[in-house]
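Trainee: Provide a 3D model corresponding to the input given below.
(2 chains)
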Amino acid sequence: MRRSSRNSRTSTIVTSTYRQPLEQPADLDAALHFDISENDDFMRDDEARQFSDPDSARQEAIETGATIARDAFILGGTHHVVIDVRQDDAPFLTVSITMDVEEKAE
Amino acid sequence: MTVKQYPAEKTVVSDGQEATDCCLIADGFCARSKTIGDGKRQILSIHIPGEIPDLMSLFLHVMDHDLSTLTPCTMGFISHETLRRLHRRRPNVAEIFWRDTLIDAAMFREWIVNVGQRPAPARLAHVMTELRERLRIIERLNGNSFEMPLTQEQIGEALGITAVHVNRVIKQLRQEGIVEFNRGRVSVLNETKFEELADFDDRYLHLSPTT
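Mentor: Numbers count the residues shown, from 1 in each chain, chains lettered A, B, ... in the order given. Model (predicted):
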């Protein structure tokens, strides 16, 4: 996804990517951990959450990334938010959201 | 008054239901909420013992939201007819109930501002501060700690964020030494930082009966 808004001086670009293993079971019933990174600040999730299907886990990751990025980008200082979802140590999916603001000369 | 026991996460009065009684919470925590088409629930308000969260049903007969338990609850049901008789006999009670519904509206305004404008840590701190002030009135504070026996899912539904995001915010507040969460209780570790984060002004609760 790529979104851009412009005025005469500033260009704000938000990009998001989403990666997951090619094959995922339709029925999941797994405990998943959601590790969160804001720039280089990493927070490991030690409390697993139970999900019965991949879609609800995917939705949780995307919404979490979106609301954390909203706060972090508006408050400033953070330009990159990543949600890494894993089942124990096996990667399940990654949501990555980056914002670039380009100041333009008048 | 009829008294009933409810388990956690049980609907007491449903959206669309014609209510014939008002519910007084004797024990436990309840919430008013609305659920959208895809099944997501927005918690609109949290209610504590001593409150009658569906007082509006006395005049607005069809519920436009759900009233549900968040924790196991004891509820007293007072019939609308009984309340109407009380209003006729004691107009000052009717005035108190009217004031209660106006404060209810003031709290909804504050919640809209909170969910719409504050970042998640401040949102949570604001809801916690409001809850603490209301628990203080019913003498349910214990030093610097108070009950908040909500799950991370329920807190997320009140703040408009996911349970994972709630978990992240709770960890952040704990790491910054502001509050500690333990078995449904919140302990405030740094009052100054907590109040600063919550950006809380209690005017909207109209706690003084003379103003």
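
Trainee: Output the lengthiest strand in chain A as CSV - backbone C-alpha positions only.
Mentor: Counting residues, the longest strand found in chain A (DSSP state E) is strand A:90-103. Taking C-alpha atoms only, strand A:90-103 is exported to CSV below (Å, rounded to 0.1, in the frame of the first residue of the first chain):
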residue,chain,number,x,y,z
ALA,A,90,8.5,-20.1,14.0
PRO,A,91,7.6,-16.9,12.0
PHE,A,92,3.9,-16.7,11.2
LEU,A,93,3.6,-13.2,9.5
THR,A,94,5.1,-9.7,9.5
VAL,A,95,3.4,-6.4,9.1
SER,A,96,5.7,-3.5,8.4
ILE,A,97,4.6,0.1,8.2
THR,A,98,7.0,3.0,7.2
MET,A,99,6.4,6.7,7.0
ASP,A,100,8.6,9.1,5.1
VAL,A,101,8.2,12.9,5.2
GLU,A,102,10.1,14.8,2.6
GLU,A,103,10.4,18.5,3.0
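
Trainee: Near residue 41, how many other residues are there?
Mentor: Picked chain A for this. Residues near A:Asp41, counting by other CB atoms under 10 Å in any protein chain shown, number 10. Heads up, the C-betas are built off the backbone N, CA and C, glycines and all.

Trainee: Chain B was what I was after
Mentor: The number of residues near B:Arg41, taken as other CB under 10 Å, comes to 17.

Trainee: Lowest average confidence across helices and strands of the chain, where is it?
Mentor: No chain specified, so I'll use chain A. Every helix and strand in chain A was compared by mean pLDDT, DSSP states H and E; the lowest is strand A:2-6, with a mean of 50.

Trainee: sorry, should have said chain B
Mentor: For chain B, using mean pLDDT, DSSP H and E, the weakest element among its helices and strands is strand B:141-142, scoring a mean of 93.

Trainee: For that strand, name the packing helices and strands.
Mentor: For strand B:141-142, there is no helix or strand it packs on, judged by 3 or more CB pairs under 8 Å, 6 or more residues apart in numbering or on different chains; DSSP states H and E.

Trainee: and it, how far out from the chain's middle?
Mentor: Here the centre of strand B:141-142 is set off from its chain's centre by 17 Å, with CA atoms, centre = their mean, to the nearest Å.

Trainee: Could you list the paired strands of that strand along with their orientation?
Mentor: Here strand B:141-142 has these sheet partners by DSSP bridges: strand B:145-147 (antiparallel).

Trainee: Perfect, that will be all.
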